[in-house]
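Trainee: Give me coordinates for this.
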Amino acid sequence: MRVHFIAIGGAAMHNLAIALHKNGFEVTGSDDVLFEPSVSRLAKYGILPKENGWYPEKITKDLDAIILGMHARIDNPELVKAQELGIKVYSYPEYVYEQSKDKLRVVIGGSHGKTTITSMILHALQEAGKDFDYLVGAQLEGFETMVKLTKDAPIMVIEGDEYLASPIDRRPKFHLYKANIGVISGIAWDHINVFPTFKSYIDQFKIFIETIQSGGTLIYSKTDAVLDEVVADDSSNVHKEPYSLPEFTIENGVTTILSDGNKYELQVFGEHNLLNMQAARLVCEKLGISKADFYQSITTFKGAARRLELVGKSDTATIFKDFAHSPSKLEATIHAVKAQFPDRKLIACIELHTFSSLNKDFLAEYAGTMDEADEAIVFIDKKTFEQKKMEPYRAKVVKEAFAKANLTFFNDPKLLLAQLESAKLSNASLLMMSSGNFGGIDLLELKNKILL
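Mentor: Prediction:
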């Protein structure tokens with residue numbers, strides 16, 4: 001099989017390219033801009049494009065398929081050439097389904113927690129010695145790539161997000177996988193640039209439930225009122241299993257699960273992670289792993305990259321970084337750190353970086369989300385507005401939207417860094433949240449300066 005990737009540098013795209021290369025496919029690709037770690041990973045397997053840019057001459061009739069990334073535009077010259085030649089063009093979720101349609105497919109959806117739930121399932125399956133394929137949205141310890149696709153594995157575990165599949169396929173990705181077991185962690189409005197109303201966003205989850213194969217299973221969070229209503233109104237022929245928080249304790253900054261008379265000390269924490277754990281447990285029970293075996297395996301789970309990831313700690317302070325950027329993720333992550341270290345001052349910093357979070361009309365969704373932080377900081381790199389071609393707004397707009405009196409706003413990374421460096425951490429937690437990189441601030445270097 002000869003497969004060409006248009007926009008091969010994307011996180012999922014380059015990992016899928018590597019997975020197909022490992023399966024013996026002849027893989028080529030193009031992109032107009034490539035960053036680490038995709039550059040090194042593609043180079044390792046000999047499939048890094050020689051030059052950046054789009055080259056229609058790469059598109060020839062002997063290609064079996066084109067896989068189109070979301071980064072490409074509809075007028076991409078390679079895409080246009082493929083369409084002219086009549087070559088089949090797939091989005092990556094569409095192609096993943098084609099490669100896994102004979103497997104049992106587990107698809108994890110929801111506005112938050114998808115990567116963590118998926119990661120927990122993969123961790124437990126690996127600990128149990130199961131054979132499985134997967135697609136996950138973060139680099140995980142113990143897994144070389146974010147995508148694995150083989151001929152023989154009977155199970156495919158897929159992190160299925162609700163963003164669009166490709167420039168020419170405007171369906172949400174998780175609609176395309178046709179799950180046998182589907183998970184929804186919760187529904188909180190996101191991707192306002194694609195789903196301009198909350199109703200239009202909710203509708204995508206209703207459709208996802210309808211795509212679960214007849215007789216399949218939907219596992220969902222009973223604690224989410226919107227989701228609970230969606231499930232109650234659904235008449236699909238699927239078995240529905242709710243989950244809620246397990247019994248647990250927190251002592252000296254350590255969370256312990258209590259189950260059937262046993263105690264399981266965890267390396268992760270936060271009620272949102274405990275909910276994620278219950279979703280993963282129910283999936284794993286469907287895949288032949290007992291509750292006790294699941295909990296035992298999860299005691300060694302360290303979390304996914306950038307999900308409450310520990311940057312550094314001392315006897316009296318901790319620094320975490322997290323991918324949180326939407327209102328629901330921001331609130332849950334702040335609550336988790338405050339609950340884990342209730343006697344410490346919490347300094348929480350959020351970088352607004354996505355189209356939704358930067359949308360002036362969406363900002364009001366953040367009202368109250370940082371209330372549990374003792375010191376709240378919002379950062380928007382002024383260059384981000386320029387890059388996304390969005391109209392910048394003043395600090396007053398941000399402060400009014402978050403509705404927190406003592407909130408501090410920065411739009412210059414140098415000023416933000418100076419503020420953070422002045423906070424000598426003692427009896428405190430620092431929580432840095434972003435899907436970006438805080439204007440290039442080196443968190444490891446910051447850690448060395450402020451941890452006492």
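Trainee: What are the buried residues along stretch 204-217?
Mentor: 204-205, 208-209, 211-213, 216-217 (16 or more other CB atoms under 10 Å). Just so you know, the C-beta spots here come from the backbone N, C-alpha and C atoms, and that holds for glycine as well.
Trainee: Repeat that for stretch 384-398.
Mentor: Residues 384, 398 are the ones in stretch 384-398 that count as buried (16+ other CB under 10 Å).
Trainee: rewinding a little: will you turn the buried residues of stretch 204-217 into TSV that also has distance to A138, secondary structure and pLDDT?
Mentor: Output for the buried residues of stretch 204-217, formatted as TSV (distance: CB to CB, whole Å; DSSP: H, G, I helix; E, B strand; the rest coil; pLDDT from 0 to 100):
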residue	distance to A138	secondary structure	pLDDT
Q204	22	helix	97
F205	22	helix	98
F208	21	helix	98
I209	25	helix	98
T211	24	helix	98
I212	24	coil	98
Q213	27	coil	98
G216	26	coil	98
T217	25	strand	98
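Trainee: ok, of those, which one's closest to L416?
Mentor: Of all the buried residues of stretch 204-217, L416 sits closest to Q204, with 34.7 Å by CB to CB.
Trainee: so what's F379 bridging to?
Mentor: On the basis of DSSP bridges, F379 is bridged to E351, F410.
Trainee: Unless I'm misreading it, it sits right up against G439, doesn't it?
Mentor: Yes - applying CB atoms under 8 Å as the test, F379 and G439 come out as touching, 7.5 Å apart.
Trainee: what about these two, which has more around it?
Mentor: Using other CB atoms under 10 Å, the more surrounded residue of F379 and G439 is F379, with 28 against 22.
Trainee: Return the residues in contact with the residue most central in space within the chain.
Mentor: The residue lying closest to the centre of the chain (CA atoms, centre = their mean) is T115, at 4.7 Å. Taking CB atoms under 8 Å, 6 or more residues apart in numbering, we find T115 in contact with 136-138, 159, 304, 307, 323.
Trainee: 7 Å instead?
Mentor: Residues near T115 by CB atoms under 7 Å, 6 or more residues apart in numbering: 136-138, 159, 304, 307.
Trainee: Then A188?
Mentor: Counting by CB under 7 Å, 6+ apart, A188 touches 111-112, 326-328.
Trainee: contacting residues around stretch 274-291?
Mentor: 106, 113, 116-117, 120-121, 124-125, 128, 130, 155, 181, 183, 185, 217, 219, 221, 223, 241, 243-246, 248, 259, 294, 298.
Trainee: go on, stretch 79-97?
Mentor: For stretch 79-97, contacts defined as CB under 7 Å, 6+ apart pick out 6, 12-13, 16, 56, 59, 61, 63, 65-69, 72, 135, 158, 165-166, 169, 173, 176-178.
Trainee: Buried by neighbour count: which residues of it qualify?
Mentor: Judged by neighbour count using 16+ other CB under 10 Å, the buried positions of stretch 79-97 are 79, 81-82, 87, 89-97.
Trainee: What is the most widely separated pair among these?
Mentor: Distances among the buried residues of stretch 79-97 were taken as CB to CB; the most separated pair is K81 and Y97, at 25.0 Å.
Trainee: helices and strands around the helix or strand hosting L218, which ones?
Mentor: Using DSSP states H and E, L218 sits in strand 217-221. Where contact means 3 or more CB pairs under 7 Å, 6 or more residues apart in numbering; DSSP states H and E, strand 217-221 is packed against strand 181-184, helix 225-233, strand 239-243, helix 271-286.
Trainee: In this structure I209 contacts S235, no?
Mentor: No - using CB atoms under 7 Å, I209 is not in contact with S235, being 9.8 Å away.
Trainee: Can you list the residue ranges for helices in the stretch 101-250 of the chain?
Mentor: Using DSSP state H, counting those that start in this stretch, the helices of the stretch 101-250 of the chain run over 114-127, 198-211, 225-233.
Trainee: ok, residues contacting the second one?
Mentor: If I follow you right, that is helix 198-211. Residues from elsewhere that reach helix 198-211 (CB under 7 Å, 6+ apart): 109, 162, 172, 174-175, 178-179, 182, 184, 187, 189, 195, 218, 226, 230, 234, 236, 238.
Trainee: Which ones among the contacts of A188 map onto strands?
Mentor: Judged by DSSP state E, the contacts of A188 include no members of strands.
Trainee: quick one: low-confidence ranges for the stretch 301-450 of the chain?
Mentor: The model of the stretch 301-450 of the chain has no residue with pLDDT under 70.
Trainee: how near is the nearest residue to N411 once chain neighbours are set aside to G142?
Mentor: Computed as CB to CB, 6 or more residues apart in numbering, the closest residue to N411 that is not its neighbour in sequence is K382, at 4.4 Å. Distance, K382 to G142, using CB to CB, to the nearest Å: 39 Å.
Trainee: Equivalent analysis for L85, please.
Mentor: L85 sits 42 Å away from G142, going by CB to CB.
Trainee: Show me how the chain divides into domains.
Mentor: Using automatic domain parsing, the domain parsing of the chain gives 2-87, 95-298, 309-450.
Trainee: re the thing from before, tell me which of the helices and strands packed on strand 217-221 sits most buried.
Mentor: Among the helices and strands packed on strand 217-221, strand 181-184 has the highest mean neighbour count (mean count of other CB atoms under 10 Å), at a mean of 28.
Trainee: tell me the mean pLDDT for it?
Mentor: For strand 181-184, mean pLDDT is 98.
Trainee: Which stretches in the stretch 301-450 of the chain count as helices?
Mentor: Counting by DSSP H, counting those that start in this stretch, one finds helices in the stretch 301-450 of the chain at the ranges 327-340, 355-358, 382-387, 395-402, 413-421, 443-450.
Trainee: Give me the phi and psi angles of E94.
Mentor: Dihedral angles of E94 (phi, psi; degrees, to the nearest 10) stand at phi -60, psi -40.
Trainee: Then V27?
Mentor: For V27, the backbone dihedrals (degrees, to the nearest 10) come out as phi -110, psi 130.
Trainee: what is it paired to in the beta sheet?
Mentor: Under the criterion used (DSSP bridges), V27 bridges to V3.
Trainee: That one contacts H21, doesn't it?
Mentor: Yes - at 4.6 Å, V27 counts as touching H21 under the criterion of CB under 7 Å.
Trainee: which neighbours do these two share?
Mentor: I47.
Trainee: Of the two, which one has the most company?
Mentor: Using other CB under 10 Å as the criterion, V27 and H21 rank with V27 on top: 24 against 16.
Trainee: And the pLDDT for the more buried one?
Mentor: pLDDT for V27: 98.
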